[in-house]
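*Asks:* predicted model follows, preceded by the sequence.
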Amino acid sequence: MTDYIVRAAAAGAQIRAFACSTRNLVERARQIHNTSPVVTAALGRLLSAGAMMGSMLKGEKDLLTLQIRGDGPMGGLVVTADAGGHVKGYAYVPDVILPANSMGKLDVAGAVGAGMLSVIKDMGLKEPYIGQTLLQTGEIAEDLTYYFAASEQVPSSVGLGVLMEKDNTVKQAGGFLVQLMPFAEDGVIDRLEKNLEGLTSVTAMLDEGNTPEQMLGRILEGLSCEVLDTMPAAFSCGCDRRRIERVLISLGKKELEDMIAEGREAEIGCQFCNTQYQFTVDELKELYKKAGY
């Protein structure tokens, strides 16, 4: 199955809903960062959430950043997404190994620990919107459900999942996000809650062969679900050499002078895609001139 996001409405626009299949992009992240299974599960969940939440953005240049900081051994996660289904992310400590939790599953909550979830929306205004909530469980889906209710006052249900193969590659990944509009009627709410209660896990639905549309069909059964559109999703990093040059210039005059005087070549890596950029001393001298120092 290719990676894509579905946007839908139900019950006469009383519900808006999103679902995604993200196996390929999560596997790409695993390969780039060489993540352990529990970190792959955590990062994959947040990448799936970022892809869906990014699709809510209005402007082409709008950016969403999801940041989790926890006191668990993983330290935290960062995911950035845009309105076009492009998403990227990394874990602070990618190689955490933990025993399975009491349910025999990958212990994402243990890897994350207690901490804070931040949602940052850069929509081209003077200041970005920043919403923050304390992590409730460290399981990510539950934490995002709480965030929407507490910070944005939107009753929501978030489901996320990553299923690993025995060789530690990604077998399935995806999720759903369902939100009630302020005018949602009690009967609609009751039916949605009943559907959600009878739902199997995201990974189980995907592993049974369900598409994002079919997942939404089960979640919104009896509520006149209407698919509005679909868009591809992909792990995509927009870093390039020019952007890294700006980073070097931003270090300041003295730092560049010291590097040149010591004959030090510079190597800077992108945290999101692990691409390494190297600059010789002569190239640093050119940057120094370009900066007007």
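*Replies:* Yep, it's here.

*Asks:* and E255, how far from V247?
*Replies:* 11 Å (Cβ to Cβ, to the nearest Å). Where C-beta positions appear, they are placed from N, C-alpha and C, glycine not excepted.

*Asks:* and A17, how many residues sit next to it?
*Replies:* When neighbours are defined as other Cβ atoms under 10 Å, A17 has 27 of them.

*Asks:* mind listing residues that contact stretch 27-44?
*Replies:* 22, 26, 47, 74, 77, 79, 88-91, 93-98, 106-108, 110-112, 140, 162, 164, 168-170, 173, 235, 273-274 (Cβ atoms under 8 Å, 6 or more residues apart in numbering).

*Asks:* list the buried ones in that stretch?
*Replies:* 27-30, 32-33, 35-44 (16 or more other Cβ atoms under 10 Å).

*Asks:* closest to R241 out of the residues you listed?
*Replies:* I32 (18.4 Å; Cβ to Cβ).

*Asks:* how far away is that closest one from V39?
*Replies:* For I32 relative to V39 (Cβ to Cβ), the value is 12 Å.

*Asks:* and for A13?
*Replies:* 38 Å.

*Asks:* likewise for I97?
*Replies:* 9 Å.

*Asks:* again with Q136
*Replies:* Taking Cβ to Cβ, one finds Q136 at 20 Å from V39.

*Asks:* just D122 next, same as before
*Replies:* Counting by Cβ to Cβ - D122 and V39 are separated by 26 Å.

*Asks:* repeat for M215
*Replies:* Counting by Cβ to Cβ, the gap from M215 to V39 is 25 Å.

*Asks:* L47 too?
*Replies:* For L47, the distance to V39 - Cβ to Cβ - is 12 Å.

*Asks:* what is in contact with the two at once?
*Replies:* In contact with both L47 and V39: no residue, using Cβ under 8 Å, 6+ apart.

*Asks:* measure stretch 261-274 end to end?
*Replies:* Using Cα to Cα, to the nearest Å, one end of stretch 261-274 lies 28 Å from the other.

*Asks:* outside of it, which residues touch it?
*Replies:* Contacts of stretch 261-274 (Cβ under 8 Å, 6+ apart): 32-33, 78, 80, 88-90, 237, 239, 244, 247-248, 258-259, 275-281, 284.

*Asks:* buried residues in it?
*Replies:* Per 16+ other Cβ under 10 Å, stretch 261-274 contains these buried residues: A266, I268, C270, F272, C273.

*Asks:* now, which of these sits nearest F183?
*Replies:* F272 (39.3 Å).

*Asks:* so that closest one is in which element?
*Replies:* Assigned by DSSP states H and E, F272 belongs to no helix or strand.

*Asks:* now Y92: closest residue in space that isn't a chain neighbour?
*Replies:* Excluding the flanking residues, the one nearest Y92 by Cβ to Cβ, 6 or more residues apart in numbering is G75, at 3.3 Å.

*Asks:* nearest residue to S156 in space, please, no chain neighbours.
*Replies:* With Cβ to Cβ, 6+ apart, the residue lying closest to S156 is F148, at 3.8 Å.

*Asks:* okay, now that neighbour: neighbour count?
*Replies:* Counted with other Cβ under 10 Å, F148 comes out at 20.

*Asks:* now the strands for the protein?
*Replies:* Ranges of strands in the chain, per DSSP state E, are 4-10, 15-21, 63-70, 76-82, 86-91, 115-122, 129-134, 156-164, 170-180, 226-232, 234-235, 266-269, 276-279.

*Asks:* comparing those strands by mean pLDDT, which bottoms out?
*Replies:* Ranked by mean pLDDT, the strands of the chain bottom out at strand 266-269, which scores a mean of 87.

*Asks:* can you list the strands that that strand pairs with?
*Replies:* Using DSSP bridges, strand 266-269 pairs in its sheet with strand 276-279 (antiparallel).

*Asks:* buried sites along the strand it pairs with?
*Replies:* So for strand 276-279, counting by 16+ other Cβ under 10 Å, buried means Y277, F279.

*Asks:* 43 is where my numbering starts, stick with that
*Replies:* Let's use 43 as the start, then, which means that last one is strand 318-321.

*Asks:* ok, residues contacting that strand?
*Replies:* R283, I286, L290, E307, A308, E309, I310, G311, C312, L329.

*Asks:* any chance of a markdown table for those, columns distance to M223?
*Replies:* A markdown table is the format used below for those (distance: Cβ to Cβ, whole Å):
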| residue | distance to M223 |
| --- | --- |
| R283 | 45 |
| I286 | 43 |
| L290 | 47 |
| E307 | 56 |
| A308 | 51 |
| E309 | 50 |
| I310 | 45 |
| G311 | 44 |
| C312 | 39 |
| L329 | 51 |
